[in-house]
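Q: here's a sequence, model it:
(chains A and B)
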Amino acid sequence: MRIALALSTLAAATAAAALGPAGPAATAGQPRSPAVYPEQRIALPFNHKAHLYRGTVCTVCHPGVTTSESAQDRLVPGEDRCARCHQIAEAKAGRPHYPPGQCPLCHVGFDATVHRAPEASAFPRAAIHFSHAKHLARLAEAGEKDRAACAACHGSYDAVELATRAQLPKMTTCLVCHDGRKAPADCTTCHLRAVDAMGSRVETRLPGGVLRPGPGDPLGLDHGPSYDRAHGLAALGRREQCLACHSEPSCMSCHDGTKKPASIHPGDFISTHPVPARANQPNCAACHRLQSFCVACHERAGVSPNADPSLYVGGNKVHPAGWMTPGPAFHGVQAARNIGQCASCHQEQQCLQCHSTSSALYPGGIRPHPPGFASRCGEMIRKNARSCEKCHVLSNPADSAAKCR
Amino acid sequence: MPRRLAAIALAAAPLLARPAAYDVDARTEAQVYSIPRATADAGRWTFLPIRRLVEVLDVAGFEVVPGEDSGLALSLRLDADFGLTAAEASALDDGRRAALQLLAGRLWWKGLAGGRVDVALGRITAQDPVASWAFDGASVTVRPVTFLALTAFGGLRVEGASWLASPTLAPDGVRSSDTRRLGLGVPPYPCAALPLGNCADRADPTLDDPAPTFGARLALTRLPGGLASGAEVEYRRTLRAGGVIEERLGGGLSWLVGPVSLDGAAEWDLYLARATAIRGAARWGALPWLALGVEARYWHQSFSADSIFNVYDTSPWTETRLTADVAPAGWLRLRASGGLAWVRPTAFGETFFSDHGGTSPEAALGATADAGGTAFLADLTWRGGVQGRAGFFTAGARRVLAGWLALDLRGTLSTVEDPVIPAYSGTFASAALLVSGRLERRAQLSLLVEDSASRFGRNDLRVYAFLSLGTSWDTRLR
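A: Now for the predicted structure:
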């Protein structure tokens, strides 16, 4: 019973996590992209929880948010803002004061007797388009004001001491409203455009790093460690999303067969590729054409009988014993399993030596067609007779293909 | 010479068009290595030199028409292998020592007619629901309503024999061109009559002919369920010398609801009257640190309708795979996958060769970690079954020094048991060191040195050098 209860609770929690709202609480603890929010250096021990405990609203310290139209605006308060409450001047003068205003209170370890500047903090600007003013106005229209409005994107600060990049919203939170209906969902609504100001491609080479979908990506496009090998189906089905970041030539720069991508092929893949190629893992045809790329290389390497005899030295027997003799090792069995593996070394003329009605080795030729082929061959001849004419003499009434006419 | 002039004209086109903004990328890759080659002495191998130089120039211009989303994209590549001798090249059907290739070259104008019409013209790389392909021509997309896009396209299919073409995206199964064979006196198809054997060695004079292609696509975007949801169906037909060389009908569906994403695609070959590919994948971001996935694929290889490989009695493969991506901490990612592929025997194989088909299990484990400023990776992949056995273990580490210099060390240990080409069975080890210096934000110089030890030779040193330069500027900002 307990197990059932635990399982049902787990299932309910998982379902809630899976289908529930994706507000800032849902992304708490998840890493932030350094490309969007560059790493900060915070040398201040600020405690939001303690300050908010007194009922302070956010704009007391961050007044710029109400008018800020850009993510490039500095909204982290400076010392002048702290000095509105903390009596820094009184402290420096050695006079009694409250709230406290001694330098080490914020600049930890600072010693006024040592003539060295306190450690500096750095808050690099976010690499996005964002207007606090517009968002606060829309939230106000929806009845969200003051701390509740801030919490809509930044989450609750009731338990936060030092605010870091972890309090900056992830895309999952943005998409709660930016769904294409309530608010625009075009990528460049928030992300910086690439050089083509009229286009819609996102700039991915940012000062903080390369913009790349990570774990928990709300569009299901996490470019994880295996993504180079596993992106095929998503790339074909969701190419508009791919083109939001990648230019069309960038696909071909990898897929056109001249590179040796280490993320796709392990070391010394030239020696070890036959078995993965036979299993079509990874998909060879995504980058290589069997009858040009593969055959040309195999001819040079002497593992193909196609080429000029001066290239095909052929002392090493490529295939095992029994390859041309009916039996379990017969080549027809392997050819039926993946004829592409044959086409990566052989050209049609080798097959035609036996599989042709004019075969000199097997008069009448060995028929290679599947069952039921006779019912389809007429239509195939009507559309293109050339492949048939490589084996058959269609004008010869005695030829088996004449029945297809 | 005409090719060089064409290349210069193409490279100059963006300047002549005077767009408002440019983006330029130039990449150079030099590869020096060898490939093992069989000799007349069984068991002894020699090495063939590869001395490859690849130069890629990508130029994009934006706002060719002021204030409009109009532009041009050009990708030009020089691919040369100086290790291939002229004598060797002349004996190979696709043995070009150097080739200038136009990978992309298109003009576009989006948002015409009040944002409802997009037009593209030139060498266009397209993706259908199953694969990429390319054509020289035009594409027009009309959006009568925001969620519906109708596209019509037409032109000449890019094939190996096309002008400045790379054969990579051409229909497979036949040679790129038979010019070489015809020049050697090989008689052309069709084989007219007896004597016996007259069909075996022939050449196809139509391979160099232009291949008109046309088709249409209907796409629905932003289906109920979210931003990333859409569906499409596409028809395409390509002809050459009066015959259909491909006729496909494909469809795809992507659906995202909450943390669940579904992607599916299918393609039907109308020439062969059979399904050539059916793929589906579901990914569930169960928790922010955990994603589970399932994939399934059915594939039955098809080629250009000119190819005899199409008409052989072959079996389709079906495969499924489960994956788990785990990110237990910001610095650690783990991946595990396991799958099974299977093939049924053909009726002929089962009857005459006692072939009962077979299965191919696979498993993979991977991890990446970032500790103390050094990134580590490990990957173990194993595959077995009827197609042979292969295991790969790769481990590596990468560290960035002084913010601009990166060192990447990687080692691979492989074991292969190949029933089809026993000569390639064995144990293989390799180690690689990549030194990469970022000279400027978009300028990078890298050197990769890899050494391998295998049954083919104790030392097989490979050296790759890369130089990447990029810049962009916007005349409107001056």
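
Q: C-terminal to the lowest-mean-pLDDT helix or strand in chain A, what's the next element?
A: Every helix and strand in chain A was compared by mean pLDDT, DSSP states H and E; the lowest is helix A:2-19, with a mean of 46. Later in the chain than helix A:2-19, the nearest helix or strand by DSSP states H and E is helix A:48-52.

Q: so, low pLDDT: which residues of chain B?
A: Residue ranges of chain B with pLDDT under 70: B:1-4, B:6-8, B:10-16, B:40, B:42-43, B:192-198, B:225-226, B:457-459, B:477-478.

Q: ok, which stretches of it are helices?
A: B:2-17, B:86-90, B:112-115, B:179-183, B:347-353 (DSSP state H).

Q: distance between the shortest one and the chain's centre?
A: Right, helix B:112-115. Its chain's average C-alpha position is 34 Å from that of helix B:112-115, according to C-alpha atoms, centre = their mean, to the nearest Å.

Q: likewise for stretch B:411-425?
A: Computed by C-alpha atoms, centre = their mean, the separation of stretch B:411-425 from the middle of its chain amounts to 24 Å.

Q: start to end distance for that stretch?
A: For stretch B:411-425, the first-to-last residue distance is 19 Å (C-alpha to C-alpha, to the nearest Å).

Q: any weak-confidence spans in the stretch 201-350 of chain A?
A: Along the stretch 201-350 of chain A, the parts satisfying pLDDT under 70 run over A:307-317.

Q: which parts of it are helices?
A: Ranges of helices in the stretch 201-350 of chain A, per DSSP state H, counting those that start in this stretch, are A:227-230, A:232-237, A:239-242, A:248-255, A:269-272, A:274-278, A:295-300, A:331-337, A:339-343, A:348-352.

Q: how close does the spatially most central residue of chain A sit to A:C187?
A: What sits nearest the mean C-alpha location of chain A, by C-alpha atoms, centre = their mean, is A:H223, with 3.0 Å. A:H223 sits 15 Å away from A:C187, going by C-beta to C-beta, to the nearest Å. Just so you know, the C-beta spots here come from the backbone N, C-alpha and C atoms, and that holds for glycine as well.

Q: is B:L270 in contact with B:G250, as I believe?
A: No: in this structure, B:L270 is not within contact of B:G250 by C-beta atoms under 8 Å, at 10.5 Å.

Q: more neighbours, the two?
A: More crowded of B:L270 and B:G250, by other C-beta atoms under 10 Å in any protein chain shown: B:G250, with 23 against 17.

Q: and the more buried one, how close does it get to B:V65?
A: Applying C-beta to C-beta, the value for B:G250 to B:V65 is 33 Å.

Q: do the same with A:T56
A: According to C-beta to C-beta, A:T56 and B:V65 sit 54 Å apart.

Q: related to what we said a few turns ago, which one of the helices of the stretch 201-350 of chain A lies nearest to B:T412?
A: Distance to B:T412, taken as C-beta to C-beta, is lowest for helix A:269-272 among these, at 8.6 Å.

Q: that closest one near chain B at all?
A: Yes: using C-beta under 8 Å from any C-beta of the partner chain, we find that helix A:269-272 touches chain B at A:270-272.

Q: among those residues, who's most crowded?
A: Neighbour count (other C-beta under 10 Å) singles out A:T272 as the most crowded of these, with 28 neighbours.

Q: nearest residue to that one other than its sequence neighbours?
A: Counting by C-beta to C-beta, 6 or more residues apart in numbering or on different chains, B:S414 is the residue found nearest to A:T272 once chain neighbours are left out, at 4.6 Å.

Q: many thanks, have a good one.
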